[in-house]
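*Asks:* give the three-dimensional model of this entry:
(2 chains)
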There are 2 protein chains.
Amino acid sequence: MALYPEIIERLLEKFQKLPGIGPKSAERIVYYLTQSSDIDVISLGEAIISLKKEVKLCKKCFNFAEKDLCNICLDEKRENIICVVEEVKDLISIEKANFKGKYHILWGRLSMLENVKIENLKIPQLIERIKNEKVKEIIIATNPTPEGENTANYISEILKKLGVKHSRLAIGLPLGSELEFIDSHTLKKAIEGRKEL
Amino acid sequence: MALYPEIIERLLEKFQKLPGIGPKSAERIVYYLTQSSDIDVISLGEAIISLKKEVKLCKKCFNFAEKDLCNICLDEKRENIICVVEEVKDLISIEKANFKGKYHILWGRLSMLENVKIENLKIPQLIERIKNEKVKEIIIATNPTPEGENTANYISEILKKLGVKHSRLAIGLPLGSELEFIDSHTLKKAIEGRKEL
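*Replies:* The predicted model follows:
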(Lines give C-alpha, C1' and ligand atoms only; values in the text may rest on other atoms or scores of the structure.)
Protein backbone atom coordinates (compact mmCIF):
# COMPACT_ATOMS: atom_id res chain seq x y z
CA MET A 1 0.00 0.00 0.00
CA ALA A 2 1.38 3.39 -0.95
CA LEU A 3 1.70 5.69 2.04
CA TYR A 4 0.25 8.72 0.25
CA PRO A 5 -2.53 8.93 -2.34
CA GLU A 6 -1.08 8.57 -5.82
CA ILE A 7 -1.50 12.24 -6.81
CA ILE A 8 0.48 13.33 -3.75
CA GLU A 9 3.29 10.88 -4.51
CA ARG A 10 3.32 12.23 -8.07
CA LEU A 11 3.49 15.85 -6.94
CA LEU A 12 6.22 15.12 -4.39
CA GLU A 13 8.29 13.57 -7.16
CA LYS A 14 7.72 16.53 -9.49
CA PHE A 15 8.58 19.13 -6.87
CA GLN A 16 11.78 17.29 -6.01
CA LYS A 17 12.96 17.75 -9.57
CA LEU A 18 12.91 21.54 -9.17
CA PRO A 19 16.25 23.13 -8.22
CA GLY A 20 16.85 23.54 -4.50
CA ILE A 21 13.89 21.39 -3.44
CA GLY A 22 14.59 18.16 -1.58
CA PRO A 23 12.22 15.50 -0.20
CA LYS A 24 11.48 17.45 3.01
CA SER A 25 10.76 20.77 1.31
CA ALA A 26 8.62 19.01 -1.31
CA GLU A 27 6.59 17.52 1.55
CA ARG A 28 6.17 20.90 3.22
CA ILE A 29 5.03 22.48 -0.03
CA VAL A 30 2.52 19.74 -0.81
CA TYR A 31 1.12 19.88 2.75
CA TYR A 32 0.84 23.64 2.38
CA LEU A 33 -1.03 23.26 -0.90
CA THR A 34 -3.48 20.73 0.55
CA GLN A 35 -4.27 23.34 3.21
CA SER A 36 -4.52 26.31 0.80
CA SER A 37 -7.70 27.52 -0.82
CA ASP A 38 -8.81 25.90 -4.08
CA ILE A 39 -8.39 29.17 -5.94
CA ASP A 40 -4.78 29.68 -4.81
CA VAL A 41 -3.77 26.18 -5.79
CA ILE A 42 -5.54 26.23 -9.14
CA SER A 43 -4.13 29.63 -10.05
CA LEU A 44 -0.61 28.40 -9.26
CA GLY A 45 -1.14 25.39 -11.53
CA GLU A 46 -2.57 27.54 -14.29
CA ALA A 47 0.24 30.09 -14.07
CA ILE A 48 2.80 27.30 -14.47
CA ILE A 49 0.97 25.96 -17.51
CA SER A 50 0.67 29.36 -19.16
CA LEU A 51 4.37 30.06 -18.59
CA LYS A 52 5.30 27.88 -21.54
CA LYS A 53 2.52 29.33 -23.69
CA GLU A 54 3.16 32.98 -22.97
CA VAL A 55 6.89 33.27 -22.55
CA LYS A 56 9.30 32.85 -25.44
CA LEU A 57 12.89 33.88 -25.88
CA CYS A 58 13.61 37.06 -27.84
CA LYS A 59 14.83 36.11 -31.32
CA LYS A 60 17.63 38.66 -31.16
CA CYS A 61 19.00 38.70 -27.63
CA PHE A 62 17.38 35.61 -25.97
CA ASN A 63 15.89 37.60 -23.11
CA PHE A 64 12.39 36.52 -22.04
CA ALA A 65 9.81 37.96 -24.42
CA GLU A 66 6.08 37.95 -24.89
CA LYS A 67 6.38 38.59 -28.64
CA ASP A 68 9.12 37.73 -31.15
CA LEU A 69 11.34 40.46 -29.74
CA CYS A 70 11.71 41.51 -26.11
CA ASN A 71 10.82 44.98 -24.82
CA ILE A 72 14.46 45.99 -24.71
CA CYS A 73 15.20 45.04 -28.33
CA LEU A 74 12.00 46.85 -29.37
CA ASP A 75 13.08 50.04 -27.54
CA GLU A 76 14.46 52.31 -30.26
CA LYS A 77 15.94 54.77 -27.79
CA ARG A 78 18.58 52.31 -26.66
CA GLU A 79 22.15 52.59 -27.89
CA ASN A 80 23.65 49.88 -30.04
CA ILE A 81 26.06 48.74 -27.36
CA ILE A 82 25.54 45.06 -26.58
CA CYS A 83 26.14 43.83 -23.07
CA VAL A 84 26.78 40.06 -23.11
CA VAL A 85 25.59 38.31 -19.93
CA GLU A 86 25.31 34.72 -18.74
CA GLU A 87 21.71 34.76 -17.51
CA VAL A 88 18.57 36.90 -17.56
CA LYS A 89 19.10 37.70 -13.88
CA ASP A 90 22.36 39.41 -14.83
CA LEU A 91 20.43 41.55 -17.32
CA ILE A 92 18.06 42.49 -14.49
CA SER A 93 21.01 43.59 -12.31
CA ILE A 94 22.54 45.66 -15.09
CA GLU A 95 19.18 47.26 -15.93
CA LYS A 96 18.98 48.34 -12.29
CA ALA A 97 22.38 50.00 -12.72
CA ASN A 98 20.75 52.15 -15.42
CA PHE A 99 22.53 50.78 -18.47
CA LYS A 100 20.86 52.11 -21.63
CA GLY A 101 22.19 49.71 -24.25
CA LYS A 102 21.05 46.30 -25.42
CA TYR A 103 21.89 42.76 -24.29
CA HIS A 104 22.76 39.30 -25.42
CA ILE A 105 22.02 36.39 -23.08
CA LEU A 106 24.36 33.42 -23.42
CA TRP A 107 22.22 31.14 -21.24
CA GLY A 108 25.20 29.81 -19.37
CA ARG A 109 28.96 29.85 -19.32
CA LEU A 110 31.62 27.54 -20.72
CA SER A 111 32.22 24.85 -18.12
CA MET A 112 34.17 21.62 -18.26
CA LEU A 113 32.53 20.45 -15.04
CA GLU A 114 28.95 20.96 -16.23
CA ASN A 115 29.94 19.92 -19.77
CA VAL A 116 28.76 23.21 -21.28
CA LYS A 117 30.39 23.82 -24.66
CA ILE A 118 30.30 26.67 -27.16
CA GLU A 119 27.41 25.13 -29.07
CA ASN A 120 25.29 25.02 -25.89
CA LEU A 121 25.55 28.79 -25.50
CA LYS A 122 24.13 31.56 -27.69
CA ILE A 123 27.63 32.45 -28.97
CA PRO A 124 27.04 31.58 -32.66
CA GLN A 125 23.90 33.75 -32.53
CA LEU A 126 25.95 36.60 -31.07
CA ILE A 127 28.41 36.42 -33.97
CA GLU A 128 25.54 36.32 -36.46
CA ARG A 129 24.01 39.34 -34.76
CA ILE A 130 27.24 41.36 -34.90
CA LYS A 131 27.43 40.73 -38.63
CA ASN A 132 23.88 41.99 -39.21
CA GLU A 133 23.63 44.90 -36.75
CA LYS A 134 25.73 48.03 -36.58
CA VAL A 135 27.18 47.41 -33.14
CA LYS A 136 29.24 50.20 -31.57
CA GLU A 137 30.76 48.13 -28.81
CA ILE A 138 30.37 44.80 -27.02
CA ILE A 139 30.65 44.80 -23.22
CA ILE A 140 31.45 41.29 -22.03
CA ALA A 141 29.70 41.08 -18.66
CA THR A 142 30.04 37.42 -17.78
CA ASN A 143 30.67 36.83 -14.08
CA PRO A 144 34.21 37.30 -12.71
CA THR A 145 34.41 33.58 -11.86
CA PRO A 146 36.85 31.13 -13.51
CA GLU A 147 34.11 29.92 -15.89
CA GLY A 148 32.91 33.46 -16.61
CA GLU A 149 36.48 34.66 -17.29
CA ASN A 150 37.08 31.70 -19.56
CA THR A 151 33.89 32.44 -21.50
CA ALA A 152 34.86 36.12 -21.74
CA ASN A 153 38.31 35.23 -23.11
CA TYR A 154 36.80 32.93 -25.70
CA ILE A 155 34.35 35.61 -26.89
CA SER A 156 37.09 38.23 -26.86
CA GLU A 157 39.24 36.10 -29.22
CA ILE A 158 36.37 35.90 -31.70
CA LEU A 159 35.65 39.63 -31.49
CA LYS A 160 39.32 40.46 -32.06
CA LYS A 161 39.23 38.43 -35.28
CA LEU A 162 36.03 40.21 -36.34
CA GLY A 163 37.62 43.56 -35.49
CA VAL A 164 34.79 44.58 -33.15
CA LYS A 165 35.45 47.01 -30.29
CA HIS A 166 34.85 45.23 -27.01
CA SER A 167 35.43 45.64 -23.28
CA ARG A 168 35.12 43.77 -20.01
CA LEU A 169 33.52 45.02 -16.77
CA ALA A 170 36.12 46.46 -14.38
CA ILE A 171 37.39 44.24 -11.57
CA GLY A 172 38.09 46.08 -8.30
CA LEU A 173 36.86 46.91 -4.84
CA PRO A 174 33.08 46.98 -4.36
CA LEU A 175 31.82 50.30 -2.94
CA GLY A 176 31.42 50.16 0.82
CA SER A 177 33.86 47.30 1.22
CA GLU A 178 36.79 47.23 3.62
CA LEU A 179 40.28 46.35 2.43
CA GLU A 180 40.89 43.86 5.24
CA PHE A 181 38.02 41.69 4.01
CA ILE A 182 38.82 41.79 0.29
CA ASP A 183 40.44 38.65 -1.13
CA SER A 184 43.97 39.07 -2.41
CA HIS A 185 43.12 38.28 -6.05
CA THR A 186 40.61 41.12 -6.20
CA LEU A 187 43.04 43.44 -4.45
CA LYS A 188 45.75 42.54 -6.96
CA LYS A 189 43.36 43.35 -9.83
CA ALA A 190 42.35 46.61 -8.15
CA ILE A 191 46.01 47.65 -7.90
CA GLU A 192 46.69 46.69 -11.52
CA GLY A 193 43.63 48.62 -12.65
CA ARG A 194 44.32 51.73 -10.54
CA LYS A 195 43.28 55.07 -12.04
CA GLU A 196 45.46 58.15 -12.04
CA LEU A 197 43.83 61.12 -10.32
CA MET B 1 8.79 48.94 -17.66
CA ALA B 2 8.56 45.70 -15.73
CA LEU B 3 11.80 43.80 -15.76
CA TYR B 4 10.21 40.44 -16.47
CA PRO B 5 7.19 39.55 -18.63
CA GLU B 6 4.02 39.70 -16.53
CA ILE B 7 3.49 35.93 -16.32
CA ILE B 8 6.99 35.47 -14.90
CA GLU B 9 6.45 38.20 -12.30
CA ARG B 10 3.18 36.47 -11.38
CA LEU B 11 4.81 33.05 -11.05
CA LEU B 12 7.70 34.43 -9.00
CA GLU B 13 5.20 35.93 -6.59
CA LYS B 14 3.23 32.69 -6.31
CA PHE B 15 6.31 30.55 -5.74
CA GLN B 16 7.51 32.90 -3.01
CA LYS B 17 4.33 32.20 -1.08
CA LEU B 18 5.24 28.53 -0.77
CA PRO B 19 7.01 27.51 2.46
CA GLY B 20 10.80 27.62 2.33
CA ILE B 21 10.97 29.44 -1.02
CA GLY B 22 12.46 32.94 -1.08
CA PRO B 23 12.99 35.36 -3.98
CA LYS B 24 16.23 33.72 -5.14
CA SER B 25 14.89 30.16 -5.10
CA ALA B 26 11.70 31.29 -6.86
CA GLU B 27 13.88 32.80 -9.59
CA ARG B 28 15.91 29.60 -9.94
CA ILE B 29 12.73 27.52 -10.20
CA VAL B 30 11.11 29.78 -12.79
CA TYR B 31 14.32 29.84 -14.88
CA TYR B 32 14.44 26.08 -14.63
CA LEU B 33 10.84 25.81 -15.81
CA THR B 34 11.41 28.11 -18.80
CA GLN B 35 14.23 25.75 -19.82
CA SER B 36 12.26 22.53 -19.22
CA SER B 37 10.24 20.71 -21.85
CA ASP B 38 6.62 21.76 -22.43
CA ILE B 39 5.35 18.39 -21.26
CA ASP B 40 7.23 18.52 -17.94
CA VAL B 41 5.97 22.00 -17.14
CA ILE B 42 2.39 21.32 -18.17
CA SER B 43 2.25 18.07 -16.22
CA LEU B 44 3.51 19.86 -13.10
CA GLY B 45 0.80 22.49 -13.49
CA GLU B 46 -1.87 19.87 -14.06
CA ALA B 47 -0.75 17.77 -11.08
CA ILE B 48 -1.06 20.83 -8.83
CA ILE B 49 -4.54 21.55 -10.13
CA SER B 50 -5.72 17.97 -9.71
CA LEU B 51 -4.37 17.87 -6.15
CA LYS B 52 -7.37 19.79 -4.88
CA LYS B 53 -9.78 17.74 -6.97
CA GLU B 54 -8.47 14.31 -6.09
CA VAL B 55 -7.30 14.59 -2.51
CA LYS B 56 -9.70 15.03 0.39
CA LEU B 57 -9.26 14.45 4.08
CA CYS B 58 -10.61 11.22 5.57
CA LYS B 59 -13.87 11.94 7.37
CA LYS B 60 -12.83 9.83 10.34
CA CYS B 61 -9.13 10.37 10.93
CA PHE B 62 -8.26 13.38 8.66
CA ASN B 63 -5.50 11.53 6.85
CA PHE B 64 -5.28 12.23 3.10
CA ALA B 65 -7.90 10.19 1.26
CA GLU B 66 -9.07 9.63 -2.28
CA LYS B 67 -12.57 8.64 -1.12
CA ASP B 68 -14.60 9.58 1.98
CA LEU B 69 -12.42 7.35 4.15
CA CYS B 70 -8.68 6.77 3.84
CA ASN B 71 -7.14 3.38 3.10
CA ILE B 72 -6.17 2.89 6.74
CA CYS B 73 -9.67 3.53 8.10
CA LEU B 74 -11.06 1.19 5.42
CA ASP B 75 -8.65 -1.59 6.43
CA GLU B 76 -10.70 -3.95 8.60
CA LYS B 77 -7.68 -5.90 9.79
CA ARG B 78 -6.40 -2.98 11.84
CA GLU B 79 -6.86 -2.90 15.59
CA ASN B 80 -9.04 -0.28 17.21
CA ILE B 81 -6.13 1.48 18.86
CA ILE B 82 -5.96 5.12 17.78
CA CYS B 83 -2.60 6.80 17.49
CA VAL B 84 -3.04 10.60 17.71
CA VAL B 85 -0.43 12.51 15.68
CA GLU B 86 0.19 16.13 14.75
CA GLU B 87 0.69 15.74 11.00
CA VAL B 88 0.33 13.20 8.19
CA LYS B 89 4.11 12.90 8.03
CA ASP B 90 4.06 11.54 11.60
CA LEU B 91 1.56 8.91 10.48
CA ILE B 92 3.98 7.97 7.69
CA SER B 93 6.81 7.53 10.20
CA ILE B 94 4.69 5.38 12.52
CA GLU B 95 3.45 3.27 9.61
CA LYS B 96 7.08 2.57 8.76
CA ALA B 97 7.56 1.36 12.35
CA ASN B 98 4.92 -1.28 11.57
CA PHE B 99 2.10 -0.02 13.78
CA LYS B 100 -1.10 -1.91 12.97
CA GLY B 101 -3.72 0.34 14.55
CA LYS B 102 -5.54 3.42 13.32
CA TYR B 103 -4.76 7.13 13.49
CA HIS B 104 -6.18 10.55 14.21
CA ILE B 105 -4.44 13.55 12.66
CA LEU B 106 -4.72 16.76 14.68
CA TRP B 107 -3.33 18.95 11.87
CA GLY B 108 -1.10 20.89 14.22
CA ARG B 109 -0.33 21.38 17.88
CA LEU B 110 -1.47 23.84 20.51
CA SER B 111 0.80 26.85 20.23
CA MET B 112 0.60 30.29 21.79
CA LEU B 113 3.24 31.56 19.37
CA GLU B 114 1.47 30.44 16.22
CA ASN B 115 -1.92 31.20 17.82
CA VAL B 116 -3.18 27.64 17.37
CA LYS B 117 -6.07 26.91 19.73
CA ILE B 118 -8.12 23.82 20.48
CA GLU B 119 -10.74 24.73 17.90
CA ASN B 120 -8.07 24.88 15.16
CA LEU B 121 -7.13 21.24 15.76
CA LYS B 122 -9.17 18.08 15.14
CA ILE B 123 -9.62 17.53 18.91
CA PRO B 124 -13.44 17.92 19.02
CA GLN B 125 -13.62 15.37 16.17
CA LEU B 126 -11.40 13.00 18.19
CA ILE B 127 -13.78 13.20 21.16
CA GLU B 128 -16.76 12.61 18.90
CA ARG B 129 -15.01 9.62 17.39
CA ILE B 130 -14.23 8.06 20.76
CA LYS B 131 -17.89 8.30 21.68
CA ASN B 132 -18.96 6.49 18.48
CA GLU B 133 -16.25 3.86 18.04
CA LYS B 134 -15.24 1.10 20.42
CA VAL B 135 -11.68 2.30 21.01
CA LYS B 136 -9.37 0.00 23.00
CA GLU B 137 -6.70 2.58 23.65
CA ILE B 138 -5.48 5.99 22.53
CA ILE B 139 -1.74 6.46 22.02
CA ILE B 140 -0.90 10.14 22.15
CA ALA B 141 1.98 10.48 19.70
CA THR B 142 2.41 14.24 19.45
CA ASN B 143 6.06 15.30 19.22
CA PRO B 144 8.14 15.48 22.42
CA THR B 145 8.49 19.26 22.01
CA PRO B 146 7.04 21.81 24.45
CA GLU B 147 4.03 22.37 22.17
CA GLY B 148 3.58 18.65 21.55
CA GLU B 149 3.76 17.89 25.28
CA ASN B 150 1.28 20.63 26.01
CA THR B 151 -1.13 19.25 23.42
CA ALA B 152 -0.68 15.73 24.82
CA ASN B 153 -1.45 16.92 28.34
CA TYR B 154 -4.58 18.69 27.18
CA ILE B 155 -5.85 15.59 25.35
CA SER B 156 -4.94 13.39 28.30
CA GLU B 157 -7.09 15.52 30.64
CA ILE B 158 -10.10 15.05 28.36
CA LEU B 159 -9.52 11.31 28.03
CA LYS B 160 -9.25 10.92 31.80
CA LYS B 161 -12.66 12.53 32.18
CA LEU B 162 -14.07 10.24 29.49
CA GLY B 163 -12.46 7.25 31.24
CA VAL B 164 -10.61 6.13 28.10
CA LYS B 165 -7.38 4.15 28.41
CA HIS B 166 -4.55 6.18 26.93
CA SER B 167 -0.76 6.29 26.75
CA ARG B 168 2.12 8.43 25.53
CA LEU B 169 5.12 7.34 23.47
CA ALA B 170 8.14 6.54 25.64
CA ILE B 171 10.81 9.19 26.05
CA GLY B 172 14.36 7.84 26.26
CA LEU B 173 17.60 7.24 24.41
CA PRO B 174 17.36 6.68 20.66
CA LEU B 175 18.94 3.40 19.51
CA GLY B 176 22.50 3.90 18.32
CA SER B 177 22.97 7.10 20.29
CA GLU B 178 25.86 7.82 22.65
CA LEU B 179 25.23 9.05 26.18
CA GLU B 180 27.76 11.87 25.91
CA PHE B 181 25.73 13.48 23.13
CA ILE B 182 22.28 13.09 24.69
CA ASP B 183 20.79 16.27 26.20
CA SER B 184 20.27 16.18 29.94
CA HIS B 185 16.47 16.45 29.78
CA THR B 186 16.23 13.31 27.69
CA LEU B 187 18.69 11.54 29.94
CA LYS B 188 16.65 12.52 33.00
CA LYS B 189 13.50 11.10 31.37
CA ALA B 190 15.39 7.93 30.41
CA ILE B 191 16.47 7.44 34.04
CA GLU B 192 12.96 8.09 35.35
CA GLY B 193 11.53 5.65 32.83
CA ARG B 194 14.12 2.93 33.43
CA LYS B 195 12.90 -0.66 33.09
CA GLU B 196 13.70 -3.41 35.55
CA LEU B 197 15.43 -6.37 33.96
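
*Asks:* residues contacting the residue at minimal distance from the centre of chain A?
*Replies:* The centroid of chain A falls nearest to residue A:87 when counting by Cα atoms, centre = their mean (0.9 Å). By Cβ atoms under 8 Å, 6 or more residues apart in numbering or on different chains, the contact set of residue A:87 is A:105, A:106, A:107, A:108, B:31. The C-beta positions use only the backbone N, C-alpha and C, and glycine is treated the same way.

*Asks:* what two of these are the furthest from one another?
*Replies:* The span of those, defined through Cβ to Cβ, is set by A:106 and B:31 at 13.5 Å.

*Asks:* summarise which helices and strands the helix or strand encompassing residue A:47 is packed against.
*Replies:* Applying DSSP states H and E as the criterion places residue A:47 in helix A:38-54. The contact analysis (3 or more Cβ pairs under 8 Å, 6 or more residues apart in numbering or on different chains; DSSP states H and E) places helix A:38-54 against helix B:6-17, helix B:23-35, helix B:38-54.

*Asks:* let me see the mean pLDDT of the shortest one.
*Replies:* In other words, helix B:6-17. The average pLDDT within helix B:6-17 is 93.

*Asks:* ditto for the second one
*Replies:* When the per-residue pLDDT values of helix B:23-35 are averaged, the result is 92.

*Asks:* what sits up against the helix holding residue A:47?
*Replies:* A:33, A:66, B:5, B:7-8, B:10-11, B:14, B:17, B:30, B:33-34, B:38, B:41-42, B:44-49, B:51-52.

*Asks:* give me the buried stretch members for stretch A:160-171, please.
*Replies:* A:164, A:166, A:168 (16 or more other Cβ atoms under 10 Å in any protein chain shown).

*Asks:* give me the domain ranges for chain A.
*Replies:* Domain ranges of chain A: A:6-54, A:74-192, per automatic domain parsing.

*Asks:* deepest-packed of these, please.
*Replies:* The highest mean neighbour count among the domains of chain A, using mean count of other Cβ atoms under 10 Å in any protein chain shown, belongs to domain A:6-54: a mean of 17.

*Asks:* low-confidence ranges in chain A?
*Replies:* A:1-2 (pLDDT under 70).

*Asks:* please repeat the previous calculation with a cut-off of 80.
*Replies:* Along chain A, the model assigns pLDDT under 80 to residues A:1-3, A:196-197.

*Asks:* before we move on, the earlier item: any chance of the domains of chain A in JSON lines, with distance to residue B:157 too?
*Replies:* Below are the domains of chain A laid out as JSON lines (distance: least, Cβ to Cβ, whole Å):
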{"stretch": "domain A:6-54", "distance to residue B:157": "27"}
{"stretch": "domain A:74-192", "distance to residue B:157": "55"}
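
*Asks:* quick one, which of the ones you listed is nearest to residue B:83?
*Replies:* domain A:6-54 (18.8 Å).
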